[in-house]
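Asker: Provided below for reference: sequence and predicted model.
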Amino acid sequence: EIQAKVRARGPSPPVSPPPPLPIFELKKRKPPPIEAKTYVPLKAACPGRPTYIPPKPEPLDDCHDRAALIESMRQLDLKRDQNEESMNTVIYDCEELYARSKLSQVEEDGVPPSPFYTISSKSDSTPIFESRFECGNLRRVIQIEAFEFELIARPDINTSGHTQWFYFSMSNTRKHCYKFNLINFLKPDSTFNQGMRPLMYSRLDSREKGIGWVRGGYNICYYQNNIKRKGNAKPFYTLTFSVDIQRDMDTVYFAYCYPYSYSDLQEDLQRLMRNQYTAKFVRRRPLCQTLGGNVCDLLTITNFDATPQEIAHRRGVVLTSRVHPGETNASWMMRGFLNFITGPSKEAKELRDRLVFKVVPMLNPDGVINGNYRCSLAGVDLNRKYDAPCAVRQPTIFEVKTMVRKFKTKRPLILCIDLHGHSRKPNIFMYGCENKDQPELEYQEKVFPFLLWDNGKNFFSYEDCNFKVSRGKEACARVAYRKTLGIINSYTMEASFAGTDFGKRKGMHMMWRDYEEMGMILGKTILSFLNPSIHAKALLEVEAYERMVAERPKRERLIDSDEYDSDFSDDSSSEEDGNEPSASKDVKKKKKIKKRKKRKKKESDRKDRKSSARPRMSKADDSSGGRKTSSRRHSRSGSSIKGTKKPCRRKQGNSDIAGDKPTRQPRTRGDHKQNRASSALTSKKRLKKSKHHVALTSVPSTSSHPSKPKLNSPSSLSSPSKSQPKSDPPSEMSTRPKSNVVQEENVDRETTKKGTETKTEAIVAANHVQPHPP
């Protein structure tokens, strides 16, 4: 009977994916394995997705003398520290508000809790700050003057750092100039010093004029302040800017970049699935659940109307985004790519017919919801866990790597791209992995960025791309895919928060629409990459370009450095910005050991240079019948010279060859520490053991393979009269035949009131030795 009812009812409708979990339902979920200090953002008082496009491109802040502005700001900070009459009133504290309010009351009533500061009367002009909404980030506000405030950004959850992203609102405004100082940033530099301006959103302007997010502010600078970190000598950095509020009783929002929340993503994905046209070739399923219980979505995009055999022969492409929550421009590029690949254009149809796309639009939903900049709820940088992800603490990274591995077994993967944002460099560019171990694949990894440069010349810069992999990058996505899965074209695509420094858009900010356009260009470049003729032509152009760069002088070459890489535990930097509970201590210990070794090596090299600046003589071996000389080249390589003895400590009356070091024996693997320590001691002993009488002996060279001595001070040898004292007789070495044995001569050192000559200077002055020809 049940089967008959099912048949009569007809086929069941397709099962839609579960809706996103509400942000407030943390009670019903299992607690995360780590005791996370979770901030639950409110869903109220947050502007929607940006839709406003300014009529003209917004220029960067044109500050002619930013250095003078920074110096004036530092002087103001010093005066403010000495001034005891400033207000110093806390008018907002996010942690205290969370401690006051109870989550159950918020869920039952649906009304956000009361603000930290309550207005006493209509004449009270104290602004009300708020950041307890999705993606919001503001820890505390201290009022210094009537219209000047010091702001403290909230660190990422379970860390003490990674303060870069800010997003807050200010209500109860007055038509006046407001000044904001964010005083706890950690990065030593920022695009704010290159002209970047923060984003503003006015509720009254949006309601009456339809104006959305716009760039604003002036007197913008980013500098090191006088505040030190706890338990660390490193300083904090301050971002300061001033804005003119044009309306009374307005609510104004400020953000680091165009916000794109987890709710915005869910709305975009639901729109794709509700559309009958796009639902044919887009399949959505949950990849996994995060520590906070939110769904991480996985999209599969291809033409499903084909036969299974045709689909099985298609190649694959993997795109991921938003592993760092504060890099919202990555989500805007992903949104532009999704709009393109699901659109009705001919290029999109051809890509869907030839490829299978696996897309993860947001790898860190918990960090996005809670307003983190770089980390997850576990307090770790997920882009440093691709080498060995944990299924419990990093479920999204574990599942996406498992998905890529299984996807590669079914079909060849031609591209893996991870989208990011960059906070210290302009333009859009890529980081790749060079093929050192496979010479036959030389320049193959540079073809796709080169094609992207050709298609997106207004935004993308090939000159800023870098393909070297340093130690700090071994656990990031692109390197893990290259080493563990063998994917050659594995990239990190970086988009600047500011703008470009070339082309038509030079000196202009990149808007959210520009990021979407770059995502569309990325899709078109994938189609060009599939064309064999275009690929072969681009490979030849890359080879020619790289040879041209290699032929440039060193000072004109492009500097390929990972110093500003956002996925480096630098740009961007995991160790610099905060503390990871698992690996930070070991990394710091290794850094200290390396610094200590470098410092010792520099000290020993400096002492060796001082000692080698004065020419020295070496003892000759009469029984060998050959001239005893050695060069640094032979001593470093460990090769022996015929007619030489093992080096020994200098005795009284003996000296080395002028300007050369004693011959070193081949260095073993365990002797490098002992050799470095002994080099500093021997240089000190050489200076202490100087005597008034020195004997010089040398033997003419009859060896079959003599080596020419290296002279470190040729200027002093070429002009002996300058260093020769007046009382010494002229040199007779030049008049003697080179085959004769030089007799021992005693040189008396004369001490005057002006100073005394050193032992080696007296030797050179009395015996002007010319090097024997080989």
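Answerer: Ah, there it is.
Asker: just the helices from the stretch 251-400 of the chain, written as ranges.
Answerer: 262-274, 308-312, 328-341, 346-354, 365-370, 395-410 (DSSP state H, counting those that start in this stretch).
Asker: can you add mean neighbour count and mean pLDDT and give the ones you listed back as JSON lines?
Answerer: The C-beta positions use only the backbone N, C-alpha and C, and glycine is treated the same way. Formatted as JSON lines, the helices of the stretch 251-400 of the chain follow (neighbours: other Cβ atoms under 10 Å; pLDDT from 0 to 100):
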{"stretch": "helix 262-274", "mean neighbour count": "17", "mean pLDDT": "94"}
{"stretch": "helix 308-312", "mean neighbour count": "10", "mean pLDDT": "92"}
{"stretch": "helix 328-341", "mean neighbour count": "26", "mean pLDDT": "97"}
{"stretch": "helix 346-354", "mean neighbour count": "16", "mean pLDDT": "96"}
{"stretch": "helix 365-370", "mean neighbour count": "27", "mean pLDDT": "94"}
{"stretch": "helix 395-410", "mean neighbour count": "18", "mean pLDDT": "95"}
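Asker: so which of the ones you listed is nearest N137?
Answerer: helix 365-370 (8.5 Å; Cβ to Cβ).
Asker: could you name the helices and strands sitting against that closest one?
Answerer: The contact analysis (3 or more Cβ pairs under 8 Å, 6 or more residues apart in numbering; DSSP states H and E) places helix 365-370 against helix 262-274.
Asker: the helix it packs on versus helix 328-341: what angle between them?
Answerer: Between helix 262-274 and helix 328-341, the angle comes out at 10 degrees (axes from the mean of the first three to the mean of the last three Cα atoms, to 10 degrees).
Asker: helices and strands around helix 262-274, which ones?
Answerer: strand 282-289, strand 295-301, helix 328-341, helix 365-370.
Asker: so which of the helices of the stretch 251-400 of the chain is nearest S131?
Answerer: helix 365-370 (10.9 Å).
Asker: what comes into contact with the closest one?
Answerer: Applying Cβ atoms under 8 Å, 6 or more residues apart in numbering, the contact partners of helix 365-370 are 23, 38-39, 41, 134-135, 156-157, 261-262, 290-292, 294-296, 322, 324-325, 362, 372, 374-377.
Asker: at 7 Å what do you get?
Answerer: 23, 39, 41, 134-135, 157, 261-262, 290-292, 294, 296, 322, 325, 362, 375-377 (Cβ atoms under 7 Å, 6 or more residues apart in numbering).
Asker: dump the helices of the stretch 251-400 of the chain to CSV, plus distance to Q75.
Answerer: What follows is the helices of the stretch 251-400 of the chain, written out as CSV (distance: least, Cβ to Cβ, whole Å):
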stretch, distance to Q75
helix 262-274, 43
helix 308-312, 67
helix 328-341, 35
helix 346-354, 57
helix 365-370, 37
helix 395-410, 46
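Asker: how about those, which one is nearest C46?
Answerer: Using Cβ to Cβ, the nearest of these to C46 is helix 262-274, at 8.7 Å.
Asker: list of residues touching the closest one?
Answerer: 16, 20, 49, 134, 278-279, 282, 284, 294, 297, 335, 342, 361-362, 365, 368-369.
Asker: now the angle from it to strand 282-289?
Answerer: Going by the same axes, to 10 degrees, helix 262-274 makes 140 degrees with strand 282-289.
Asker: send the alpha carbons of helix 262-274 over as CSV?
Answerer: Listed next in CSV are the C-alpha coordinates belonging to helix 262-274 (Å, rounded to 0.1, in the frame of the first residue of the first chain):
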residue,chain,number,x,y,z
TYR,A,262,28.8,34.2,5.4
SER,A,263,25.2,35.3,5.0
ASP,A,264,26.0,37.0,1.7
LEU,A,265,27.5,33.8,0.4
GLN,A,266,24.5,31.7,1.4
GLU,A,267,22.2,34.2,-0.4
ASP,A,268,24.3,33.9,-3.5
LEU,A,269,24.4,30.1,-3.5
GLN,A,270,20.6,29.9,-2.9
ARG,A,271,20.1,32.3,-5.8
LEU,A,272,22.1,30.0,-8.0
MET,A,273,20.2,26.9,-6.9
ARG,A,274,16.8,28.6,-7.3
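Asker: would you map the strands across the stretch 451-600 of the chain?
Answerer: Using DSSP state E, counting those that start in this stretch, the strands of the stretch 451-600 of the chain run over 490-496.
Asker: and the stretch 101-250 of the chain, by the same measure?
Answerer: For the stretch 101-250 of the chain, the strands defined by DSSP E, counting those that start in this stretch occupy 128-130, 140-145, 148-152, 167-171, 177-185, 199-202, 214-215, 218-228, 235-244.
Asker: the third one pairs with which strands, and in what direction?
Answerer: Neighbouring strands of strand 148-152 in its sheet, by DSSP bridges, are strand 140-145 (antiparallel), strand 177-185 (parallel).
Asker: average model confidence for it?
Answerer: Taken as a whole, strand 148-152 carries a mean pLDDT of 95.
Asker: now do the buried residues in stretch 594-605.
Answerer: S604 (16 or more other Cβ atoms under 10 Å).
Asker: next, count neighbours for F502.
Answerer: 15 (other Cβ atoms under 10 Å).
Asker: list the contacts of the nearest residue to it once chain neighbours are set aside.
Answerer: In this structure, F502 finds its nearest non-sequential neighbour in S461, 6.6 Å apart by Cβ to Cβ, 6 or more residues apart in numbering. Listed by Cβ under 7 Å, 6+ apart, the contact set of S461 reads 427-429, 502.
Asker: export the residues you listed to JSON lines and tack on pLDDT and distance to N455?
Answerer: JSON lines is the format used below for those (pLDDT from 0 to 100; distance: Cβ to Cβ, whole Å):
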{"residue": "N427", "pLDDT": "94", "distance to N455": "15"}
{"residue": "I428", "pLDDT": "96", "distance to N455": "12"}
{"residue": "F429", "pLDDT": "96", "distance to N455": "14"}
{"residue": "F502", "pLDDT": "90", "distance to N455": "15"}
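Asker: from these, list the buried ones, please.
Answerer: For the contacts of S461, buried by 16+ other Cβ under 10 Å: 427-429.
Asker: check the gap between V447 and V542 for me.
Answerer: Distance check for V447 against V542: by Cβ to Cβ, to the nearest Å, it reads 6 Å.
Asker: tell me, how many residues neighbour the closest residue to C94 other than its chain neighbours?
Answerer: Nearest residue to C94 in three dimensions, chain neighbours excluded: R139, at 5.3 Å (Cβ to Cβ, 6+ apart). Using other Cβ under 10 Å, R139 has 18 neighbouring residues.
Asker: sounds good, over and out.
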